[in-house]
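S.K.: What shape does this take:
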Amino acid sequence: MRVGLEERGVAFLDASPLTASSIWTRSYMRALLAGDMACAMIACEAVMGFRLWVGAYIPWSELLFGFGLGLLWPGAMALAGVYRERSHGEGSEEFRAVFNGGAGLTAAVAIGAYATQTMIARSYVMAMLPLATVLTLVFRYRMRKRLHRRRADGEYLRRVVAVGHRTAVLDLVMQFRRQPYHGMRVVAACLPPGQYPGNGLDIDGIPVYGDFADVATVADKVSADAVAVLACPELDGAALRRLAWSIETKGTELFVAPALMDIAGPRTSIRPVAGMPLLHVEHPEFDGTRQIVKSLFDRLLSTAALTVLAIPMLVITVLVRATSSGPALFRQTRVGRDGREFQVFKFRTMVQDAEKLKLDLLADNEFDGVLFKMRNDPRITRVGGFLRRYSLDELPQLLNVVRGEMSLVGPRPPLPEEVALYGTDVRRRLVVKPGMTGLWQVSGRSDLSWEESVRLDLRYVENWSLILDLQILWKTWSAVTRGGGAY
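M.R.: Predicted coordinates for the structure are as follows:
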């Protein structure tokens, strides 16, 4: 096969017996293993030290048992699946596995002691193992952040061959470039039969090395860690099965993207029916108990935030009034859930009559969609620029959340004139309440294109959950303190 491709003018990268990905994976795994054991030993020493400090007597048998638990800790983590490569730097699966591993070992020690009538200090079950779990979670979080920084610098990335139509491959390339923390980098592509004309074709700098018949050879010769098959009719079940067989000997992983995009794991499950693996997709829940819980959470948290931030908001009010003429609060009509209009509250960041001045600035719009954005908008006041940079102008929207017009997390609240330009797909954003923050806030803010903002909002609508809201709220703090992408 390689001879055939080389005759067509394809030049391959030299394959190495040990790829850079396998090297850093092993190094990272060793660091995780050592760190997990260190966390358990620190927890053991901390608990034993506290008991000695309060004057408790600790026999040697208990000391040895405690350090034995420390040595068993990585084994409990392994049984819970924390060392699986697919969980490195991705999602909450790693943290959930750490919690399950800690809880499992704690339960095993407690049940084992009860079943054998062995006298074991309660400090192991009540303090050491829970503390080891907390320390391991903190350690894993710091390691994940370090891994994300290295990936942002172009390191610790897995090499991927993208298989599919040109537009789908281009979208995958852009996604991986925009979000390097996923740890994937497309290094080659294969197009459908008849769409590969020969040497010299590339997709935004990614070389195309062949068609679907050449995938296994291309993956081998570019030392790929994975093959990503995008949704396309040319690759049916039989073709995918043969592709999986052809790359399994090299240990190359296979990823298959379904045609239904932006649907997260909690809503999807694989069900074998008549020997066929069918992807079952549940409908998102926009009403019912989960929505009631979300509404209560929003109102309680926003009420508490208003109480804590009352004095800082008063200071901002004085600064806005003192540095420019006009009211401190700005009210504007926005569109909420199911197309209902409401008045959104914000601290005024522009001069008076800013909306009238906007007509003279439409030609300078820097946003590629229905929104109007300018990096150096002359209507923004000096104080307003600071408030926008750190999203302090959004604080009065806590009142909208208390009133039930908005949520803490959701799609951005659009203007009526923006909604008038929405297509059918974009109107999907209106089936949930708009939010003070959202995926768009933690993914680039105003630096995002219109299409990317819409895609993130639709992804949130399709996959919302209270856990996702908590994750976005946590990430919002980092995005706001950096101050990037806000203007």
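
S.K.: mind giving me the domain split of this structure?
M.R.: Residue ranges for each domain of the chain read 2-17+154-281, 20-152, 289-482, as given by automatic domain parsing.

S.K.: Quick one: those as JSON lines, columns for mean neighbour count and mean pLDDT too.
M.R.: C-beta: built from backbone N, CA, C; applies to glycine. Listed next are the domains of the chain as JSON lines, based on neighbours: other Cβ atoms under 10 Å; pLDDT from 0 to 100:
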{"stretch": "domain 2-17+154-281", "mean neighbour count": "16", "mean pLDDT": "77"}
{"stretch": "domain 20-152", "mean neighbour count": "16", "mean pLDDT": "84"}
{"stretch": "domain 289-482", "mean neighbour count": "17", "mean pLDDT": "83"}
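
S.K.: chain center to stretch 453-470, what's the gap?
M.R.: Averaging C-alpha positions (Cα atoms, centre = their mean, to the nearest Å) puts stretch 453-470 11 Å from its chain's average.

S.K.: how close does Tyr141 sit to Ala127?
M.R.: When distance is defined by Cβ to Cβ, to the nearest Å, Tyr141 is 21 Å away from Ala127.

S.K.: Then Val402?
M.R.: Val402 sits 40 Å away from Ala127, going by Cβ to Cβ.

S.K.: likewise Val161?
M.R.: For Val161 relative to Ala127 (Cβ to Cβ), the value is 50 Å.

S.K.: got it, and Glu45?
M.R.: Glu45 sits 12 Å away from Ala127, going by Cβ to Cβ.

S.K.: where do the contact lists of the two overlap?
M.R.: Jointly contacting Glu45 and Ala127 under the rule Cβ atoms under 8 Å, 6 or more residues apart in numbering is no residue at all.

S.K.: ok, and the closest non-adjacent residue to Ile42?
M.R.: Distances taken as Cβ to Cβ, 6 or more residues apart in numbering place Leu135 nearest to Ile42, at 6.2 Å, with adjacent residues excluded.

S.K.: To clarify, my last question referred to Trp24.
M.R.: Spatial nearest neighbour of Trp24, excluding adjacent residues (Cβ to Cβ, 6+ apart): Tyr156 at 5.1 Å.

S.K.: tell me the secondary structure for the one you found?
M.R.: Secondary structure of Tyr156, reduced to three states by DSSP: H, G, I helix; E, B strand; the rest coil: coil.

S.K.: who touches it in this structure?
M.R.: Counting by Cβ under 8 Å, 6+ apart, Tyr156 touches Trp24, Tyr28, Leu147, Arg150, Gly183.

S.K.: the strands in the stretch 301-450 of the chain, which residues?
M.R.: Taking DSSP state E, counting those that start in this stretch to define them, one finds strands in the stretch 301-450 of the chain at 329-335, 341-347, 407-409, 435-437.

S.K.: Ok, which of the ones you listed comes nearest Ile203?
M.R.: Put simply, out of the strands of the stretch 301-450 of the chain the one that sits nearest Ile203 is strand 435-437, at 34.0 Å, with distance taken as Cβ to Cβ.

S.K.: Output the contacting helices and strands for that closest one.
M.R.: Based on contacts counted as 3 or more Cβ pairs under 8 Å, 6 or more residues apart in numbering; DSSP states H and E, the elements that strand 435-437 packs against are helix 397-402, strand 407-409, helix 466-482.

S.K.: For Lys294, find the nearest of the ones you listed.
M.R.: Closest to Lys294 of these is helix 466-482 (Cβ to Cβ; 6.0 Å).

S.K.: So which residues of the stretch 151-300 of the chain form helices?
M.R.: Remark: helices of the stretch 151-300 of the chain, listed N- to C-terminal, are 166-178, 215-221, 237-248, 289-308; assignment by DSSP state H, counting those that start in this stretch.

S.K.: who are the neighbours in contact with the residue nearest to Ile42?
M.R.: By Cβ under 8 Å, 6+ apart, the residues touching Leu135 are Cys39, Ala40, Ile42, Ala43.

S.K.: Pick out the most distant pair among the residues you listed.
M.R.: The two members of the contacts of Leu135 with the most space between them (Cβ to Cβ) are Ala40 and Ile42, at 7.3 Å.

S.K.: Residues that sit against both of the two, list them.
M.R.: When contacts are counted by Cβ under 8 Å, 6+ apart, Ala40 and Ile42 have Ala132, Leu135 as shared neighbours.

S.K.: next SSE after the longest helix belonging to the chain?
M.R.: Counting by DSSP state H, the longest helix found in the chain is helix 20-53. Beyond helix 20-53 in the direction of the C-terminus, DSSP states H and E gives the next helix or strand as helix 60-80.

S.K.: How about Leu415: what's its closest non-neighbour residue?
M.R.: The shortest distance from Leu415 to any residue other than its chain neighbours is 6.3 Å, reached at Arg334 (Cβ to Cβ, 6+ apart).

S.K.: quick one, what contacts that neighbour?
M.R.: With contacts taken as Cβ under 8 Å, 6+ apart, Arg334 has the following neighbours: Glu341, Phe342, Gln343, Val344, Pro413, Pro414, Leu415, Pro416, Pro434.

S.K.: what do you get for Met350?
M.R.: Applying Cβ under 8 Å, 6+ apart, one finds that Met350 lies in contact with Phe330, Asp377, Arg379, Ile380, Thr381, Gly384.

S.K.: same question, Lys294
M.R.: Residues near Lys294 by Cβ under 8 Å, 6+ apart: Ser407, Leu466, Asp469.

S.K.: so which of those residues comes closest to Leu319?
M.R.: Each of the contacts of Lys294 was checked against Leu319 using Cβ to Cβ; the closest is Ser407, at 28.0 Å.

S.K.: isn't that closest one right next to Gly438, touching?
M.R.: No. The pair Ser407 and Gly438 fails to qualify as a contact (Cβ atoms under 8 Å) at a distance of 9.1 Å.

S.K.: picking up where we left off before, how about JSON lines for the helices and strands packed on strand 435-437, with distance to Ala213 added?
M.R.: Compiled in JSON lines, these are given as follows (distance: least, Cβ to Cβ, whole Å):
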{"stretch": "helix 397-402", "distance to Ala213": "55"}
{"stretch": "strand 407-409", "distance to Ala213": "46"}
{"stretch": "helix 466-482", "distance to Ala213": "41"}
